[in-house]
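# Okay, predicted coordinates and the sequence, questions at the end:
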Amino acid sequence: MTREFIDFIKIHENEDTARLLLSAARYPDIDMPLAVQQIEGRRTAREKWPSLLECEEFLYPPRLNREQASSQAVAARRIASCMENMCTDDGHIPEFNTLCVADLTGGMGIDAFTLASVCKEVDYVERDANLCSLMEHNCCVEEVENLRVHHADCMEWLRQQAEQHKVFDLIYIDPARRSAAGHKMVAFDACEPDILRHMKLLQSCCRHLLIKASPMIDIDLGCRQLKHVSNVFVIAWKGECKEVAFLCENTNEPTLIHSIVTDADDHQYFCFTRAEEREADLYIANEVGEYLYEPNVAVMKAGPYAMLCQEYNVDALAPNTHLYTSDILINDFPGRIFRVVREVVLNSNTIKEAIPDGKAHVVTRNYPVAAADLQRQLGLKEGGSFFVVATTLGTRRIGFICQQI
């Protein structure tokens, strides 16, 4: 990468990339498609991989690979959570900097770089030759010396390691979740590679196996299919559930399910087992107290609905509402907290009287009308400091005006 190419990217990084492509003839010494790829990559990096911007020579892959790559925040949290919960045969957590790891689905390399920052050795395996070339370049400019790049089919490569009796401390795999037609896939046996078909090989080559799955996956089904799942990590970032990761180990202990929010200014965490959830009582409220609680998206995916009542001394509004209430403020509840201003009849006249400027956020839980539709029906515009919460208390449809704490 020449100085001229780097300077071109910096000068034009805020320009319309479609126009840049059309003006390629004006810059005969610039590989314009590659330059546009870098400009768009740097824009994505501002949100997903901010530390990469410090390296001017880092090369970003094509758009699809960037979209599929983990954010740095999610990758770091997943890997830290995995390693904090890995156990050796004697029950101890291993020293991170002694671990030899294989990332079998390398892609852009964010996960491999994150692993290399805390582990002894990392093998990056990728069947796309272009991505391998980019990774070799990026390892060089980022001065990452404990990472080896392998251009290979990951399962063929792993069979070669098995023939040499190689056993990794950890294997990480993130199977492709798009069909040939570009449709998103969820089930393990619909992804590439098929995890279930290769489980025997995978487990024979490692002490710990970490599998990244779709945020839409059925957690309990995934545990039954994979077997020996010690931990499940449900990770949310910026208000969206990004992934579910399964840590497989040789253990018969109950599976721990971790719900994790990893936003820079908001770290929320809750951990439980399915047995604890089955044994917990779901307390149902008779009325709504001063505070309403909405679990975060990671908790909602994990599903510890009764455990929330037990751990935080709150009552559920109804079995399927997934909103909770109390008269005492529970500051560490894993989700949004609202102070109830008043109960309200959900019609446009009442709402107009209660919220004269016509601006509010609308939340619906276990309510027959979607939030966007209810917002239109009530004549509200998005914004302001109030929240209109439409839900079910027991069997009664009910609405509240609230303010978020």
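Perfect, I can see it now.

# Tell me where the stretch 1-150 of the chain has helices.
In chain order, the stretch 1-150 of the chain shows helices spanning 3-12, 17-22, 32-48, 63-68, 72-85, 110-116, 129-141, with DSSP state H, counting those that start in this stretch as the criterion.

# mind putting those in TSV, distance to Val299 included?
C-beta coordinates here come from the backbone N, C-alpha and C atoms, glycine included. What follows is the helices of the stretch 1-150 of the chain, written out as TSV (distance: least, Cβ to Cβ, whole Å):
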stretch	distance to Val299
helix 3-12	41
helix 17-22	39
helix 32-48	24
helix 63-68	26
helix 72-85	15
helix 110-116	24
helix 129-141	35
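
# Quick one: classify the most centrally placed residue in the chain as helix, strand or coil.
With distances taken as Cα atoms, centre = their mean, the chain has Lys242 as the residue nearest its mean C-alpha position (2.4 Å). At Lys242 the chain is in strand, as set by DSSP: H, G, I helix; E, B strand; the rest coil.

# before we move on, what about Val288?
Using three-state DSSP, the secondary structure recorded for Val288 is coil.

# Contact partners for it?
Going by Cβ atoms under 8 Å, 6 or more residues apart in numbering, Val288 touches Leu317, Thr325, Val340, Glu343, Leu393, Ile398, Phe400.

# Which of the residues you listed ranks first by neighbour count?
Ranked by neighbour count (other Cβ atoms under 10 Å), the contacts of Val288 have Leu317 at the top, with 26 neighbours.

# about what we covered before: nearest to Asn250, of the helices of the stretch 1-150 of the chain?
Distance to Asn250, taken as Cβ to Cβ, is lowest for helix 72-85 among the helices of the stretch 1-150 of the chain, at 14.2 Å.

# which of the residues in that closest one are buried?
Neighbour-count burial for helix 72-85, with 16 or more other Cβ atoms under 10 Å as criterion, is recorded at 72-83, 85.

# ok, back up a step: shouldn't the residue nearest to the centre of the chain be in contact with Arg77?
No - at 9.6 Å, Lys242 and Arg77 do not qualify as touching, with contact defined as Cβ atoms under 8 Å.

# which neighbours do the two share?
A shared contact of Lys242 and Arg77, defined by Cβ under 8 Å, 6+ apart, is any residue touching both; here these are Ile235.

# Which of the residues in the helix or strand of the chain with the lowest mean pLDDT are classified as buried?
Between all helices and strands in the chain, the lowest mean by mean pLDDT, DSSP states H and E belongs to strand 266-272, at a mean of 90. Within strand 266-272, the residues that count as buried by 16+ other Cβ under 10 Å are Gln268, Tyr269, Phe270, Cys271, Phe272.

# Can you list the low-confidence ranges for this protein?
Low-confidence segments of the chain, defined by pLDDT under 70, span residues 88-94, 178-183, 264.

# change it to 80
Scanning the chain with the threshold set as pLDDT under 80 gives 1, 87-96, 177-186, 264-266.

# what residues are up against the residue nearest to the centre of the chain?
Applying Cβ under 8 Å, 6+ apart, we find Lys242 in contact with Ser70, Ser71, Val74, Pro215, Ile235, Ala236.

# how does it look with 7 Å?
Under the criterion of Cβ atoms under 7 Å, 6 or more residues apart in numbering, the neighbours of Lys242 are Val74, Pro215, Ile235, Ala236.

# what does Leu53 give?
Arg42, Ala45, Arg46.

# Distance check, the last one against Ile401.
So that's Arg46. Counting by Cβ to Cβ, to the nearest Å, the separation of Arg46 from Ile401 is 36 Å.

# Of those two, which one has the most company?
When Arg46 and Ile401 are compared on other Cβ under 10 Å, the one with more neighbours turns out to be Ile401, at 19 against 10.

# Could you give the number of residues near Ala285?
The local packing of Ala285 (other Cβ under 10 Å) involves 19 other residues.

# tell me the angle the helix or strand Ala306 falls within makes with strand 266-272.
For Ala306, the enclosing helix or strand under DSSP states H and E is helix 305-312. Orientation of helix 305-312 against strand 266-272 (axes from the mean of the first three to the mean of the last three Cα atoms, to 10 degrees) gives an angle of 110 degrees.

# residues contacting Tyr60?
With contacts defined as Cβ under 7 Å, 6+ apart, the neighbours of Tyr60 are Gln37, Gln38, Gly41, Arg66.

# 8 Å instead, please
Tyr60 neighbours (Cβ under 8 Å, 6+ apart): Gln37, Gln38, Glu40, Gly41, Arg42, Thr44, Ala45, Arg66, Met108, Leu134.

# Do I have it right that the first one meets Asn65?
No - look at Gln37 against Asn65 with Cβ under 8 Å: they stay out of range, at 10.1 Å.

# distance between the ends of stretch 299-319?
By Cα to Cα, to the nearest Å, the extent of stretch 299-319 from end to end equals 16 Å.

# by contact count, what packs against the helix holding Ala306?
Applying 3 or more Cβ pairs under 8 Å, 6 or more residues apart in numbering; DSSP states H and E, we find helix 305-312 packed against strand 266-272, helix 274-279, strand 291-295, strand 315-316, strand 324-326.

# Let's have those in JSON lines, adding distance to Arg207.
Rendered in JSON lines, the data for these read as follows (distance: least, Cβ to Cβ, whole Å):
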{"stretch": "strand 266-272", "distance to Arg207": "22"}
{"stretch": "helix 274-279", "distance to Arg207": "25"}
{"stretch": "strand 291-295", "distance to Arg207": "34"}
{"stretch": "strand 315-316", "distance to Arg207": "41"}
{"stretch": "strand 324-326", "distance to Arg207": "40"}
